[in-house]
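Participant: Using only what follows, build the 3D model:
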Amino acid sequence: MSRSSNPGCRVVRPGSGYAGKQGLDYFEGIAAETVGSTGICMHLVTMPPGARAKAHLHENHETAIYVLSGEACTWFGDRLEERVLVRAGEMLYIPAGIPHMPANLSDSPCTAVIARTDPKEQESVVLLPELDGLVPADPLARSE
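Facilitator: Now for the predicted structure:
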């Protein structure tokens, strides 16, 4: 998307995507890079069946997620010791600085709108490779 010197309202038509540090592919959306936002970013992500992100956190930035279709499981906490399942029509709030790792454990894609208080979408992503092994390597393996 090309930048405009017009400081007014802007339409972003997701078409091109980018690979996030977290290991998922995102559709370009609202961000400092696309519209010059200064306090928020918002984009779409579709996780194919079996996909999972790398363990990470967002320093000093909150995240809000609205699941449009499908469902995703998110492990969270200092040692990814907790998890929550979020389904289509539900929202998930992740406070700033909370380690988390989403995964699609279903047989269908999961598409969600993600909004964050970080206008530069990837700038506050901190990967936590030491936590990746705490969740089964096969994201479809459900713990008993």
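Participant: what about the closest residue to Leu68 other than its chain neighbours, neighbour count?
Facilitator: The shortest distance from Leu68 to any residue other than its chain neighbours is 4.7 Å, reached at Thr111 (C-beta to C-beta, 6 or more residues apart in numbering). To be clear about C-beta, it is placed using only N, CA and C from the backbone, and glycine gets the same treatment. Residues near Thr111, counting by other C-beta atoms under 10 Å, number 17.
Participant: Thr111 contacts Tyr66, doesn't it?
Facilitator: No: the pair Thr111 / Tyr66 is not scored as a contact, 10.0 Å apart, by C-beta atoms under 8 Å.
Participant: where does the residue nearest to Leu68 fall, phi/psi-wise?
Facilitator: phi -120, psi 130 (degrees, to the nearest 10).
Participant: Now do the contacts for the residue minimising distance to the centre of the chain.
Facilitator: A centroid search over the chain (C-alpha atoms, centre = their mean) returns Ile114, at 5.8 Å, as the residue closest to the centre. When contacts are counted by C-beta atoms under 8 Å, 6 or more residues apart in numbering, Ile114 is found next to 26, 42-45, 63-65.
Participant: does it sit in a helix or strand, and which one?
Facilitator: Ile114 is part of strand 110-116, with elements assigned from DSSP states H and E.
Participant: Now the terminal residues of stretch 19-26, how far apart.
Facilitator: 6 Å (C-alpha to C-alpha, to the nearest Å).
Participant: what's the answer for stretch 82-96, then?
Facilitator: The first and last residues of stretch 82-96 sit 16 Å apart, counting by C-alpha to C-alpha.
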